[in-house]
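Student: Next input, structure requested:
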Amino acid sequence: MSLMKKLPKAAFCTLLGIIICCGLAGVLSPYSPEMMDSSAASVAPCIAHPFGTDPMGRDLLTLILYGGRASLLIGLISGLISTAIAVVYGTVSGLAGEWISDLLMRFSELIMSLPQILLILFLQALWGKTTVLSLAVIIGLTGWMQIAKVVRSEVRQIRGSDYVLAVKTMEGGFWYILWRHFLPNFISSIMFMVVTNIGQAMITESTLSFLGLGLPLTMVSWGSLLSMSQEAMLSGNWWMVLLPGTVLIVTLVCVTAIGESVRKQNNKLHSNL
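Tutor: You can find the predicted model right below:
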C-alpha cells in the first residue's frame, strides 16, 4: 500500500485517538484542570507530570486534554453551522434569477471583505457572555461565505440538467431537489472546504484566545494555553509552548488529510453527472 493510501488512515486513527483521549480526560488524568499546586509551579516534564506544569502549578497534560474538548467542539459545531448556511444560501443564489443571485453574492462578498475577528467581536458583544457554544456559533456565522460561492457555482452548472428540469415539472419542492439531486453532485466540491472549515475554526479560536479575546480565563482551550507562550519562553518553560502547539498542529494536519481523502472519494462515488 502506498504512502498516500496509508496517510488518511493514519490521520483518521490519530485524530480519533486525540478525540478519545480528550473525552476520557477524567480517566486518563488524576488531576483537575482547576487544581493548582504552588509547590509544583513550572515543573518540567517528569513522572508525576508527564507534560510538566504551568506557572500556577496546574498539570499541563490535564489542561491539554480538557482544553481539547473545547477546541474540538468549537471546530465541529462551527463547521456544521457554516456548512448548513452555505449550502442553503448558495443553492438559493444558484437557482434565483440573475439580479437576485448577483445581489446575494455581493452581500456575501461584502461580509467576506470584513475582517472575521472584528465580526466575531461585534457578535460577541451582541451575544453577551462568551461560552464554548456561543463562540462556536459566532465563528460558524462568520465562516460560510467561501463555501456558499462554491455551492452557487455548482448549482448553476447543473440546474439546467434534464433530471432537474423533470423534477421541477413534477412540482418537486426546493428541499427535495436540494437533498436528492444537488447535494450528491456538489458535495465532492465542498467536502474538503467543510473539513478545512473545522480546522480553520480551531485556528480562529486559538487566535482569539492568544489575543485574549476568546474564552474566559476560567475555560481552558488549546488557544488559551498558547496565549501563555511568550511568558513561558521568557521563563524558559519550553514545554508550555511545544506540547500544546504540537497537539494543535497534529490535529489540524489530520483534519486536512482526512478532508482531502474525503474529497477524492466523493469525486469517484457521489457524482450523478
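Student: Give me the residue ranges of the chain where confidence is low.
Tutor: 1-7, 159-186, 188-189, 266-273 (pLDDT under 70).
Student: In this structure, which residue is most central in space?
Tutor: Nearest to the mean C-alpha position of the chain, by CA atoms, centre = their mean, lies residue 198 at 1.9 Å.
Student: okay, now the nearest residue to that residue once chain neighbours are set aside: neighbour count?
Tutor: In space, not counting the residues next to it along the chain, residue 198 is nearest to residue 79; the distance is 3.7 Å by CB to CB, 6 or more residues apart in numbering. For the C-beta atoms, the positions are set from N, CA and C on the backbone; glycine is no exception. Residues lying near residue 79 (other CB atoms under 10 Å) number 25.
Student: show me the residues around the nearest residue to residue 239 once chain neighbours are set aside that make contact.
Tutor: Once flanking residues are discounted, residue 239 sits nearest to residue 52: 4.2 Å by CB to CB, 6+ apart. Residues counted as contacts of residue 52 (CB atoms under 8 Å, 6 or more residues apart in numbering) are 42-46, 60, 237, 239-240, 243.
Student: roughly how far apart are residue 52 and residue 244?
Tutor: 11 Å (CB to CB, to the nearest Å).
Student: Need the residues touching each of those two.
Tutor: Shared contacts of residue 52 and residue 244, defined by CB under 8 Å, 6+ apart, comprise residue 60.
Student: Could you name the helices and strands sitting against the host helix or strand of residue 259?
Tutor: Using DSSP states H and E, residue 259 sits in helix 239-269. For helix 239-269, the packing partners by 3 or more CB pairs under 8 Å, 6 or more residues apart in numbering; DSSP states H and E come out as helix 3-23, helix 60-95, helix 183-210, helix 222-226, helix 229-235.
Student: any idea which of the ones you listed is most buried?
Tutor: Most buried of the helices and strands packed on helix 239-269, by mean neighbour count (mean count of other CB atoms under 10 Å): helix 222-226, with a mean of 25.
Student: Can you tell me which helices and strands that helix packs against?
Tutor: So helix 222-226, by 3+ CB pairs under 8 Å, 6+ apart, packs with helix 60-95, helix 183-210, helix 239-269.
Student: okay, the ones you listed in a markdown table with distance to residue 37 next?
Tutor: Shown next, in a markdown table, are the helices and strands packed on helix 222-226 (distance: least, CB to CB, whole Å):
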| stretch | distance to residue 37 |
| --- | --- |
| helix 60-95 | 12 |
| helix 183-210 | 24 |
| helix 239-269 | 16 |
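Student: What backbone torsions are found at the residue nearest to residue 239?
Tutor: phi 80, psi -170 (degrees, to the nearest 10).
Student: That one and residue 255, how far apart?
Tutor: Distance, residue 52 to residue 255, by CB to CB: 26 Å.
Student: Residue 239: how many residues sit nearby?
Tutor: Neighbours of residue 239 using other CB under 10 Å come to 20.
Student: Would you confirm that it contacts residue 42?
Tutor: No: using CB atoms under 8 Å, residue 239 is not in contact with residue 42, being 9.4 Å away.
Student: thinking again about what came up before, is it possible to get a markdown table of the contacts of residue 52 that adds distance to residue 8?
Tutor: As requested, the contacts of residue 52 are arranged in a markdown table below (distance: CB to CB, whole Å):
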| residue | distance to residue 8 |
| --- | --- |
| 42 | 39 |
| 43 | 38 |
| 44 | 36 |
| 45 | 31 |
| 46 | 36 |
| 60 | 30 |
| 237 | 35 |
| 239 | 31 |
| 240 | 32 |
| 243 | 26 |
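Student: Are any of these buried, and if so which?
Tutor: Buried members of those, counted by 16 or more other CB atoms under 10 Å: 42-43, 45, 60, 237, 239-240, 243.
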